[in-house]
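Asks: Next input, structure requested:
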Amino acid sequence: MKRISILAAFLLLAVGAKAQTYSYLTFQQTDGTQKSLTANGLKITFSGNTLTATSAEGTTTLPLTDLTKMFFASEVSGVLNPTGGQTLVTIGEGSISVSAPVGTTIRVYTTGGRLLTNFRKRWSGTEEICSGLERGLYFVSVGSVTSKVYIR
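Replies: Numbering: from 1, shown residues only. As a prediction, the model looks like this:
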């Protein structure tokens, strides 16, 4: 009876165990911003002091001097080119910044659906749209594209 109990406990533990899946490779830069690319099909090349990463989202180039670390993650930490190269959402320490066409409506929601900000892009370049955010998951809607972002 003792053997059966031990075997049953072992089988329950084995069935409950699951390998962690990492769908994104995240690049953290020296200014604290993070950018994630889908890991499936990702191609990384180095040329001189430059890293070039190409995935389904597009191509991004980073100077190696601006790169603090790279790590695999199961959740996206930033979104690169979700609308074909026109939009860039970056995550800083407690903040979300967006580069999108002027006039684009940007909204940030909590996971509970509470609207944190409703922002219309005023000028070209990157603008900080939300700061002082606590650690957690948020939804960022840029035009008609909504993405999940995680503040660490």
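
Asks: can you give me the helices for the protein?
Replies: For the chain, the helices defined by DSSP state H cover 2-16.

Asks: show me what contacts Ile96?
Replies: Val89, Thr90, Val108, Glu128, Ile129, Cys130, Ser131, Leu133, Tyr138, Val140, Val149, Ile151 (C-beta atoms under 8 Å, 6 or more residues apart in numbering). Where you see a C-beta, it was placed from the backbone N, CA and C, and this is true even at glycine.

Asks: Bridged to it, which residues?
Replies: For Ile96, the beta-bridge partners under DSSP bridges are Ile91, Cys130.

Asks: which of the contacts of Ile96 are buried?
Replies: Buried residues within the contacts of Ile96, counting neighbours by 16 or more other C-beta atoms under 10 Å: Val89, Thr90, Val108, Ile129, Cys130, Leu133, Tyr138, Val140, Val149, Ile151.

Asks: How about the fourth one: what's its closest non-neighbour residue?
Replies: Nearest in space to Ile129, with sequence neighbours left out and distances taken as C-beta to C-beta, 6 or more residues apart in numbering, is Phe119 at 4.7 Å.

Asks: For that neighbour, give me the pLDDT.
Replies: Looking at Phe119, its pLDDT is 88.

Asks: Likewise for Leu51?
Replies: 88.

Asks: Check Thr21 too.
Replies: pLDDT, read off for Thr21, is 69.

Asks: ok, Gly103 to Lys121 distance?
Replies: Distance from Gly103 to Lys121, counting by C-beta to C-beta, to the nearest Å: 6 Å.

Asks: want to try JSON lines for the buried ones among the contacts of Ile96, with distance to Lys69 as columns?
Replies: JSON lines is the format used below for these (distance: C-beta to C-beta, whole Å):
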{"residue": "Val89", "distance to Lys69": "20"}
{"residue": "Thr90", "distance to Lys69": "16"}
{"residue": "Val108", "distance to Lys69": "26"}
{"residue": "Ile129", "distance to Lys69": "25"}
{"residue": "Cys130", "distance to Lys69": "24"}
{"residue": "Leu133", "distance to Lys69": "21"}
{"residue": "Tyr138", "distance to Lys69": "22"}
{"residue": "Val140", "distance to Lys69": "23"}
{"residue": "Val149", "distance to Lys69": "18"}
{"residue": "Ile151", "distance to Lys69": "17"}
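
Asks: I'd say Thr104 and Thr87 touch.
Replies: Yes: here Thr104 reaches Thr87: they are 7.5 Å apart, a contact under C-beta atoms under 8 Å.
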